[in-house]
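> Any chance you could fold what I've pasted below:
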Amino acid sequence: RSEMEEKGLSTNIGSVMREISTRFSKLSDAEKEKYMNLAKEDRERYDEQCKLRNESAELEQERKRTERNETNATGTRSARNPAPSAEITESALPTTPKRKMTPAEIQRKENTAKLRAQEKDEIRAEKSKIEGSIKSQQGTIKAAIAQQAE
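Numbering: from 1, shown residues only. Prediction:
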(Lines give C-alpha, C1' and ligand atoms only; values in the text may rest on other atoms or scores of the structure.)
Protein backbone atom coordinates (compact mmCIF):
# COMPACT_ATOMS: atom_id res chain seq x y z
CA ARG A 1 0.00 0.00 0.00
CA SER A 2 2.80 2.42 0.90
CA GLU A 3 4.51 1.69 -2.44
CA MET A 4 1.25 2.42 -4.24
CA GLU A 5 0.84 5.69 -2.30
CA GLU A 6 4.39 6.74 -3.26
CA LYS A 7 3.61 6.07 -6.92
CA GLY A 8 0.37 8.06 -6.62
CA LEU A 9 -1.84 5.06 -7.34
CA SER A 10 -5.22 4.40 -5.81
CA THR A 11 -4.97 2.61 -2.45
CA ASN A 12 -8.54 1.39 -2.06
CA ILE A 13 -8.98 -2.24 -1.07
CA GLY A 14 -9.77 -3.39 -4.62
CA SER A 15 -6.63 -1.83 -6.09
CA VAL A 16 -4.43 -3.19 -3.31
CA MET A 17 -5.86 -6.70 -3.66
CA ARG A 18 -5.41 -6.57 -7.44
CA GLU A 19 -1.75 -5.59 -6.98
CA ILE A 20 -1.18 -8.37 -4.43
CA SER A 21 -2.83 -10.90 -6.73
CA THR A 22 -0.67 -9.79 -9.66
CA ARG A 23 2.52 -10.00 -7.62
CA PHE A 24 1.59 -13.41 -6.19
CA SER A 25 0.90 -14.84 -9.64
CA LYS A 26 4.39 -13.73 -10.76
CA LEU A 27 6.12 -15.63 -7.92
CA SER A 28 7.85 -18.92 -8.62
CA ASP A 29 6.37 -22.13 -7.23
CA ALA A 30 9.08 -22.27 -4.55
CA GLU A 31 8.27 -18.73 -3.39
CA LYS A 32 4.54 -19.46 -3.46
CA GLU A 33 5.05 -22.59 -1.36
CA LYS A 34 6.28 -20.46 1.56
CA TYR A 35 2.99 -18.52 1.59
CA MET A 36 0.91 -21.62 0.98
CA ASN A 37 2.52 -23.27 4.02
CA LEU A 38 1.79 -20.18 6.12
CA ALA A 39 -1.81 -20.25 4.95
CA LYS A 40 -2.07 -23.96 5.75
CA GLU A 41 -0.67 -23.42 9.26
CA ASP A 42 -3.04 -20.52 9.84
CA ARG A 43 -5.98 -22.60 8.64
CA GLU A 44 -5.02 -25.42 11.01
CA ARG A 45 -4.79 -22.91 13.88
CA TYR A 46 -8.19 -21.48 12.95
CA ASP A 47 -9.77 -24.95 12.72
CA GLU A 48 -8.38 -25.86 16.14
CA GLN A 49 -9.74 -22.63 17.65
CA CYS A 50 -13.14 -23.33 16.10
CA LYS A 51 -13.09 -26.87 17.46
CA LEU A 52 -12.29 -25.61 20.97
CA ARG A 53 -14.95 -22.91 20.73
CA ASN A 54 -17.56 -25.45 19.59
CA GLU A 55 -16.66 -27.88 22.36
CA SER A 56 -16.92 -25.09 24.91
CA ALA A 57 -20.30 -24.01 23.51
CA GLU A 58 -21.58 -27.59 23.59
CA LEU A 59 -20.49 -27.99 27.21
CA GLU A 60 -22.22 -24.73 28.12
CA GLN A 61 -25.39 -25.82 26.33
CA GLU A 62 -25.36 -29.14 28.14
CA ARG A 63 -24.82 -27.38 31.47
CA LYS A 64 -27.77 -25.07 30.80
CA ARG A 65 -29.90 -27.99 29.64
CA THR A 66 -29.27 -29.99 32.81
CA GLU A 67 -29.74 -26.90 34.96
CA ARG A 68 -33.04 -26.17 33.24
CA ASN A 69 -34.26 -29.73 33.70
CA GLU A 70 -33.22 -30.11 37.32
CA THR A 71 -36.00 -30.47 39.87
CA ASN A 72 -36.09 -28.90 43.29
CA ALA A 73 -36.90 -30.60 46.61
CA THR A 74 -40.66 -30.67 45.88
CA GLY A 75 -40.12 -32.49 42.60
CA THR A 76 -41.03 -29.53 40.40
CA ARG A 77 -38.74 -27.81 37.99
CA SER A 78 -37.19 -24.55 39.13
CA ALA A 79 -38.02 -21.24 37.44
CA ARG A 80 -36.13 -20.75 34.21
CA ASN A 81 -35.84 -16.99 34.40
CA PRO A 82 -36.06 -15.71 37.95
CA ALA A 83 -36.65 -11.98 38.35
CA PRO A 84 -33.36 -10.09 38.35
CA SER A 85 -32.29 -8.53 41.59
CA ALA A 86 -32.21 -4.74 41.89
CA GLU A 87 -28.44 -4.88 42.12
CA ILE A 88 -28.11 -6.58 38.73
CA THR A 89 -30.71 -4.33 37.12
CA GLU A 90 -28.97 -1.15 38.25
CA SER A 91 -25.59 -2.35 37.04
CA ALA A 92 -27.07 -3.18 33.65
CA LEU A 93 -28.18 0.42 33.04
CA PRO A 94 -26.19 2.32 30.42
CA THR A 95 -23.51 4.53 31.92
CA THR A 96 -23.19 7.04 29.10
CA PRO A 97 -25.98 9.38 27.97
CA LYS A 98 -27.14 9.37 24.37
CA ARG A 99 -25.33 11.77 22.07
CA LYS A 100 -27.37 14.76 20.90
CA MET A 101 -28.17 14.80 17.21
CA THR A 102 -26.61 17.49 15.06
CA PRO A 103 -28.93 19.84 13.12
CA ALA A 104 -27.96 18.00 9.91
CA GLU A 105 -28.91 14.65 11.45
CA ILE A 106 -32.21 16.07 12.68
CA GLN A 107 -32.96 17.46 9.23
CA ARG A 108 -32.03 14.15 7.58
CA LYS A 109 -34.29 12.29 9.99
CA GLU A 110 -37.20 14.66 9.29
CA ASN A 111 -36.66 14.39 5.52
CA THR A 112 -36.61 10.60 5.75
CA ALA A 113 -39.87 10.63 7.72
CA LYS A 114 -41.47 12.93 5.11
CA LEU A 115 -40.31 10.70 2.24
CA ARG A 116 -41.65 7.60 3.96
CA ALA A 117 -45.00 9.31 4.52
CA GLN A 118 -45.13 10.34 0.84
CA GLU A 119 -44.28 6.80 -0.26
CA LYS A 120 -47.03 5.40 1.96
CA ASP A 121 -49.53 7.90 0.50
CA GLU A 122 -48.47 6.97 -3.04
CA ILE A 123 -48.83 3.28 -2.26
CA ARG A 124 -52.27 3.84 -0.74
CA ALA A 125 -53.36 5.82 -3.82
CA GLU A 126 -52.07 3.10 -6.16
CA LYS A 127 -53.79 0.43 -4.07
CA SER A 128 -57.06 2.36 -4.16
CA LYS A 129 -56.74 2.80 -7.93
CA ILE A 130 -56.12 -0.94 -8.41
CA GLU A 131 -59.01 -1.88 -6.13
CA GLY A 132 -61.30 0.44 -8.11
CA SER A 133 -60.16 -1.14 -11.35
CA ILE A 134 -60.78 -4.61 -9.95
CA LYS A 135 -64.28 -3.66 -8.80
CA SER A 136 -65.16 -2.25 -12.21
CA GLN A 137 -63.84 -5.41 -13.89
CA GLN A 138 -65.87 -7.53 -11.48
CA GLY A 139 -68.95 -5.49 -12.38
CA THR A 140 -68.28 -6.04 -16.08
CA ILE A 141 -67.81 -9.77 -15.54
CA LYS A 142 -71.02 -10.03 -13.51
CA ALA A 143 -72.94 -8.18 -16.23
CA ALA A 144 -71.51 -10.51 -18.89
CA ILE A 145 -72.45 -13.58 -16.82
CA ALA A 146 -75.96 -12.20 -16.32
CA GLN A 147 -76.36 -11.66 -20.10
CA GLN A 148 -75.20 -15.21 -20.82
CA ALA A 149 -77.64 -16.59 -18.28
CA GLU A 150 -80.56 -14.87 -20.03
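> make it CA atoms for all contacts and neighbour counts henceforth
OK.
> pLDDT weak spots in the protein?
Within the chain, the ranges that satisfy pLDDT under 70 run 71-97.
> how far does the helix or strand Q137 falls within sit from the chain's center?
Element membership of Q137, judged by DSSP states H and E, is helix 103-149. Relative to its chain's centre, helix 103-149 lies at 31 Å (C-alpha atoms, centre = their mean, to the nearest Å).
> What's the separation between R43 and N37?
Distance check for R43 against N37: by C-alpha to C-alpha, to the nearest Å, it reads 10 Å.
> Repeat that for E58.
Distance from E58 to N37, by C-alpha to C-alpha: 31 Å.
> which ones are touching K109?
If a contact means C-alpha atoms under 8 Å, 6 or more residues apart in numbering, then K109 has no contacts.
> mind redoing it with 10 Å?
101, 103, 115 (C-alpha atoms under 10 Å, 6 or more residues apart in numbering).
> Help me confirm that Q49 is found in a helix?
Yes: membership of Q49 in a helix is supported by DSSP: H, G, I helix; E, B strand; the rest coil.
> picking that back up, pull out the buried residues from the contacts of K109.
If you count burial by 16 or more other C-alpha atoms under 10 Å, none of those comes out as buried.
> okay, now R124: neighbour count?
By the criterion of other C-alpha atoms under 10 Å, R124 has 12 neighbours.
> Would you quantify the distance from it to E33?
63 Å.
> Equivalent analysis for K120, please.
K120 is 59 Å from E33, by C-alpha to C-alpha.
> E31 is in contact with F24, isn't it?
Yes: under the criterion of C-alpha atoms under 10 Å, E31 makes contact with F24 at 9.0 Å.
> more neighbours, those two?
Legend: neighbour count by other C-alpha under 10 Å for E31 and F24, higher for F24 (14 against 11).
> what's the helix or strand for that one?
Per DSSP H and E, F24 falls inside helix 13-26.
> Packing partners of that helix?
helix 2-7, helix 29-69 (3 or more C-alpha pairs under 10 Å, 6 or more residues apart in numbering; DSSP states H and E).
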